[in-house]
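# Okay, structure incoming, though there's no sequence with it:
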């Protein structure tokens, strides 16, 4: 069964659609072919490994590299996966607040596949590292560009999922960040007040 799925190359369409047609990506995820939820977690695994290799290219390596590429890779994979799960839950909640149907099972693979453009950071940065031409600047530049690309994939997929306009899809996508930012803002204010009270006392 697994061999037949691999030979069918339907799994490759998920990666291709994530780059060129996010709406088609969601439609394939919704059809559950082939097992998009499990397959999607390959993406944060690849992104985690390539992220470590990219930052390693920019610095002189020591024996610590072994720990980064093994234990560090596991750590970043778990971090990226948990981040996707939390973000999916918050986006699903925002969608339901806006009157749409909850669909977290399809949202998790959509967000995982939206990370796929970030695998291109290594070859892009390596070119500038090879020529010693401001590699850290271009690392930051390309990283921002790839993050925007990932956000666009997720927003387009959300618009297709809920059959809504681009603006509402952006609002759903930004909800986790807005909620987290608001919570951190008020926590900082409360900590400052408590700190000032402690010093005054």
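Ah, there it is. Treat the numbers as computed from the prediction; the structure is a model and nothing was measured.
# so residue 195 is in which element?
helix 166-200 (DSSP states H and E).
# in that helix, what counts as buried?
Neighbour counts over helix 166-200 (16 or more other Cβ atoms under 10 Å) mark 168, 169, 170, 171, 172, 173, 175, 176 as buried. From N, CA and C alone the C-beta is placed, and that goes for glycine too.
# now swap in stretch 71-91 and tell me
For stretch 71-91, the neighbour count (16+ other Cβ under 10 Å) marks 72, 73, 76, 77, 80, 81, 84, 87, 88, 90, 91 as buried.
# pLDDT value on the spatially most central residue of the chain, please?
In the chain, the centroid-proximal residue (Cα atoms, centre = their mean) is residue 115; its distance is 4.1 Å. Note on residue 115: pLDDT of 97.
# residue contacts, it?
Shown in contact with residue 115 (Cβ atoms under 8 Å, 6 or more residues apart in numbering): 43, 44, 47, 80, 84, 150.
# Next, count neighbours for the closest residue in space to the last one that isn't next to it in sequence.
So that's residue 150. Spatial nearest neighbour of residue 150, excluding adjacent residues (Cβ to Cβ, 6 or more residues apart in numbering): residue 114 at 4.8 Å. For residue 114, the count of nearby residues is 26 (other Cβ atoms under 10 Å).
# Return the distance of residue 114 relative to residue 29.
Per Cβ to Cβ, to the nearest Å, residue 114 is found 11 Å from residue 29.
# any residues in contact with both of those two?
Residues touching both residue 114 and residue 29 (Cβ under 8 Å, 6+ apart) are residue 157.
# hang on, the earlier thing: settle this for me: the residue nearest to residue 150 is touching residue 156, isn't it.
No: contact between residue 114 and residue 156 fails when scored by Cβ atoms under 8 Å: they sit 9.0 Å apart.
# Common neighbours of these two, please.
Each of residue 22 lies in contact with both residue 114 and residue 156 under the rule Cβ under 8 Å, 6+ apart.
# Is it possible to get the contacts of residue 115 out as CSV so that each row also shows pLDDT and distance to residue 138?
Listed next are the contacts of residue 115 as CSV, based on pLDDT from 0 to 100; distance: Cβ to Cβ, whole Å:
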residue, pLDDT, distance to residue 138
43, 97, 23
44, 97, 24
47, 97, 18
80, 96, 23
84, 97, 27
150, 97, 18
